[in-house]
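Colleague: Please work out how this folds:
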Amino acid sequence: MYKNVKRFTVILLLVFLLIVSINFAAIAQDSSEGPAVNFASRQICSVPPSLRTQQVIADNGRNQVKMGDRIRVRVEGLSAAIRGTTTNASNVFDPRQLVLYLDGYELEDVHGEPVIVMVPGKDQQKIVDDNWLAFRLERTDSSEAAWNALLGRGNRYSINVIPGVGCPRKLAIPVSDPLSPPQLEIVLFSWRFWLCLFLLIAIVLIFIRYCRSTLRSPGIEGVYSQKEVISGQELLIPEKADIKNKNRESRIAQFFLGRKKLNRNPFSLSISQLAFWTFLIFGAYLIIYGITGDYTNVLTEQSLILLGINSITAFGSSLVDGHGNERKRKGSQRISEGFFYDILSDINGVNFHRFQTFIWTVAIGLFFVWEVIKNLAMPEFDETLLTLQGISAATYLGLRGQEHHGMTTRVESTTSQEDSVYEQPLPTEEENPPESH
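Modeller: Alright, predicted model coming up:
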């Protein structure tokens, strides 16, 4: 089975590298064809009254684009306005001051760049047309509010907008034909989105199929502690249970989860919490990039702090579990009884500090997912919410250290025979052979 895992992992890595190569090639191509750095003058923006927005096309010649692509807007009278102001230095018009408007929403910092487009003229011959401005449909920090308003129009695969140009913090210039304004369709679920979604699903399925055991507590497999009351004292007596394989009833479950293995170590709350936030932030990063095409301004400082809190919690829990030798680790105190029961309970049963950590993780996780779906951006958590998450993690670690160790408790007795009974040695590794795969 390990050979198949290695082969599948290599195939997945090759697919991932192919996706990254395709995306970066597309980015490089768009950058090479895009307008240069815009050095618009700082003078007061004033649009000549004769300008009209007439037509819009994408670089592919169609009216269907995705976020991150470049579009070209034809402004009627643009070249005449530029030539007319060159002779009058007191009223200079710089078209690079104009910004892009979508349905009246201003995209701040998305300035235009004059470009020349070859258009069909008389007798189908190509002629030069210099009445065009190029814009890139990118979401910046300044234009995030406008994009959120455009993307919040229900659950759609695409949004239809009327593009326009105008001076910053003013109204867009009128269109040449109000009855038939230029329209643009922005596709949200493009090929880039489906590739990122496929990669995310593949990684999650591989983790569930082959790596979910990493979420379990450390310790010797099949060795647990059973609570007994002897001579009026509650003791933890070491026991042994053989690892058994059990076929699942559903073939779908067998394919995705493999055979069910009994008497395994319980799942760890801190490690599961770290895995939860890791996959949540990684998945949000891929989805946001797949839709917007932006891979630089996706992660937020609050998301990294949240991931750091859970990493410290998992590290602290591993230190607590590691007290004592391998036979006295807390992770080997009981046998798994199901994922949710394992993370909510210790050897004494369900604990409130575990339940508190669980419900706050779920609540903040749902809020995180909602904000990503609504705004296509990772949420900005305030300090109060992060402090609450830190308090919850500290409470869990503090009370985690007070949980019972999975080891035998020595009872002082006058009889050495009782001591030998109470201090039963743990099974040796020879009696518990490693699990066969």
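Colleague: how about the helices of the stretch 51-200 of the chain, start to end?
Modeller: 78-86, 144-151, 191-206 (DSSP state H, counting those that start in this stretch).
Colleague: Next: the stretch 251-400 of the chain.
Modeller: Along the stretch 251-400 of the chain, the segments classed as helices by DSSP H, counting those that start in this stretch run 251-257, 269-292, 301-321, 339-344, 352-375, 383-400.
Colleague: out of these, which comes closest to Trp132?
Modeller: Of all the helices of the stretch 251-400 of the chain, helix 269-292 sits nearest to Trp132, with 24.7 Å by Cβ to Cβ. Yep, even glycine has a C-beta here, placed from its N, CA and C like the rest.
Colleague: by how many degrees do that closest one and helix 144-151 diverge?
Modeller: 80 degrees (axes from the mean of the first three to the mean of the last three Cα atoms, to 10 degrees).
Colleague: Which elements pack onto helix 269-292?
Modeller: Contacts defined by 3 or more Cβ pairs under 8 Å, 6 or more residues apart in numbering; DSSP states H and E place helix 269-292 against helix 191-206, helix 301-321, helix 339-344, helix 352-375, helix 383-400.
Colleague: Okay, buried residues for the strand ranked longest in the chain please.
Modeller: Criterion DSSP state E: the longest strand present in the chain is strand 126-136. By 16 or more other Cβ atoms under 10 Å, the buried positions in strand 126-136 come out as Asp129, Asn131, Trp132, Leu133, Ala134, Phe135, Arg136.
Colleague: Over to stretch 71-82?
Modeller: Buried residues in stretch 71-82 (16+ other Cβ under 10 Å): Ile71, Arg72, Val73, Arg74, Val75, Glu76, Gly77, Leu78, Ser79, Ala81, Ile82.
Colleague: Contact partners for the last one?
Modeller: Applying Cβ atoms under 8 Å, 6 or more residues apart in numbering, we find Ile82 in contact with Phe93, Pro95, Pro114.
Colleague: Turn the residues you listed into a markdown table, columns for pLDDT and distance to Val47.
Modeller: Below are the contacts of Ile82 laid out as a markdown table (pLDDT from 0 to 100; distance: Cβ to Cβ, whole Å):
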| residue | pLDDT | distance to Val47 |
| --- | --- | --- |
| Phe93 | 77 | 8 |
| Pro95 | 86 | 9 |
| Pro114 | 89 | 15 |
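Colleague: Now, these that are in strands?
Modeller: Within the contacts of Ile82, residues falling in strands by DSSP E are Pro114.
Colleague: just checking, Ser303 touches Met378?
Modeller: Yes - under the criterion of Cβ atoms under 8 Å, Ser303 makes contact with Met378 at 5.0 Å.
Colleague: shared neighbours, those two?
Modeller: In contact with both Ser303 and Met378: Ile281, using Cβ under 8 Å, 6+ apart.
Colleague: ok, back up a step: would you pull up how far the longest strand of the chain lies from the middle of the chain?
Modeller: 38 Å (Cα atoms, centre = their mean, to the nearest Å).
Colleague: Note down every partner strand of it and its orientation.
Modeller: Here strand 126-136 has these sheet partners by DSSP bridges: strand 70-76 (antiparallel), strand 113-120 (antiparallel).
Colleague: can you list contacts of the shortest one?
Modeller: So that's strand 70-76. With Cβ under 8 Å, 6+ apart as the test, strand 70-76 has contacts from 30, 33-35, 51-59, 65, 95, 98, 100, 112, 115, 117, 129, 131-137, 163-165, 173, 176, 182, 184.
Colleague: which of those residues are buried?
Modeller: With burial judged by 16+ other Cβ under 10 Å, the buried subset of the contacts of strand 70-76 is 35, 51-58, 65, 95, 98, 100, 112, 115, 117, 129, 131-137, 163-165, 173, 176, 182, 184.
Colleague: hmm, back to that, nearest to Leu388, out of the helices of the stretch 51-200 of the chain?
Modeller: Comparison of the helices of the stretch 51-200 of the chain against Leu388 by Cβ to Cβ identifies helix 144-151 as nearest, at 25.6 Å.
Colleague: helices or strands up against that closest one?
Modeller: With contacts defined as 3+ Cβ pairs under 8 Å, 6+ apart, helix 144-151 has these neighbours: strand 105-111, strand 158-161, helix 352-375.
Colleague: Pop the domain breakdown of the chain in here.
Modeller: Domain assignment of the chain by automatic domain parsing yields the ranges 1-33, 40-188, 193-422.
Colleague: which ones are touching the residue nearest the centre of the chain?
Modeller: Nearest residue to the geometric centre of the chain (Cα atoms, centre = their mean): Ala284, 2.2 Å. Taking Cβ under 8 Å, 6+ apart, we find Ala284 in contact with Val298, Phe368, Val369, Val372, Met378.
Colleague: Phe399 and Ile208: what is the separation?
Modeller: Just to correct that, residue 399 is Leu rather than Phe. When distance is defined by Cβ to Cβ, to the nearest Å, Leu399 is 30 Å away from Ile208.
Colleague: out of these two, which sits in the more crowded spot?
Modeller: Using other Cβ atoms under 10 Å as the criterion, Leu399 and Ile208 rank with Leu399 on top: 16 against 12.
Colleague: Quick check: chain neighbours aside, which residue is closest to that one?
Modeller: In space, and not counting its chain neighbours, Leu399 is closest to His353: 4.3 Å by Cβ to Cβ, 6 or more residues apart in numbering.
Colleague: picking up where we left off before, pick out the shakiest of the strands paired with strand 126-136, pLDDT-wise.
Modeller: Set side by side, the strands paired with strand 126-136 differ in mean pLDDT, and strand 113-120 is lowest with a mean of 82.
Colleague: Nice, that's everything, thank you.
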